[in-house]
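1. whatever this is, show me its structure:
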Amino acid sequence: PLDSSEDYQVVRLHAFLRIRQMALTQPFPFIEDCLKKTYLAYAKRAKFGGGGSSGASSVLPTLTFMGNCVVELYSLDYHSSYQHAFVYIRQLALHL
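-> Predicted coordinates:
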């Protein structure tokens, strides 16, 4: 099955909704893990793309969806989001 198939999109949506629900309902440190893991998954996916020969056109909707999910999660807790953004921007500056 293709990565952009409707079945995969439904699974991705349900997984994101569950992660968001847990980030809202679990005690404080859990949201930190949600923010970190989702950002790293997005960065990894954006860096390596689809890994297949299907081209960038099939990867773009997935990256757009993942980017929107990351933004949604980071909007849940501004304090934690600021700390994570600071760390990742600093790492990016060091690599450049």
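2. from the centroid of the protein, which residue is nearest?
-> residue 38 (3.7 Å; Cα atoms, centre = their mean).
3. quick one, phi/psi of it?
-> When read as degrees, to the nearest 10, the backbone of residue 38 gives phi -70, psi -40.
4. for it, list the residues it contacts.
-> Counting by Cβ atoms under 8 Å, 6 or more residues apart in numbering, residue 38 touches 19, 69-70, 73. C-betas here are computed from N, CA, C, even on glycine.
5. just for the chain, where's the confidence low?
-> Judged by pLDDT under 70, the chain has its weakly predicted residues at 1-4, 49-57.
6. if we go to 90?
-> For the chain, applying pLDDT under 90 flags the ranges 1-9, 27-29, 43-63, 88, 91-96.
7. for it, what spans make up the helices?
-> Defined through DSSP state H, the helices belonging to the chain, from first to last, are 6-25, 29-48, 56-74, 78-95.
8. look up how far residue 31 lies from the residue nearest to the centre of the chain.
-> 11 Å (Cβ to Cβ, to the nearest Å).
9. same check, this time on residue 86
-> Noted for residue 86: a distance of 16 Å to residue 31, by Cβ to Cβ.
10. please apply the same query to residue 39.
-> 12 Å.
11. ok, now residue 91?
-> When distance is defined by Cβ to Cβ, residue 91 is 20 Å away from residue 31.
12. out of those two, which sits in the busier spot?
-> Comparing residue 91 with residue 31 by other Cβ atoms under 10 Å, the one with more neighbours is residue 31, at 20 against 10.
13. the closest residue to the more buried one other than its chain neighbours: neighbour count?
-> Spatially, and ignoring its direct neighbours in sequence, residue 31 is nearest to residue 23 (4.7 Å; Cβ to Cβ, 6 or more residues apart in numbering). Neighbourhood size, residue 23 [other Cβ under 10 Å]: 20.
14. residues contacting residue 23?
-> 30-31, 34-35, 73, 76-77.
15. cutoff 7 Å now
-> Contact criterion Cβ atoms under 7 Å, 6 or more residues apart in numbering gives 30-31, 34, 73, 76 as the residues in contact with residue 23.
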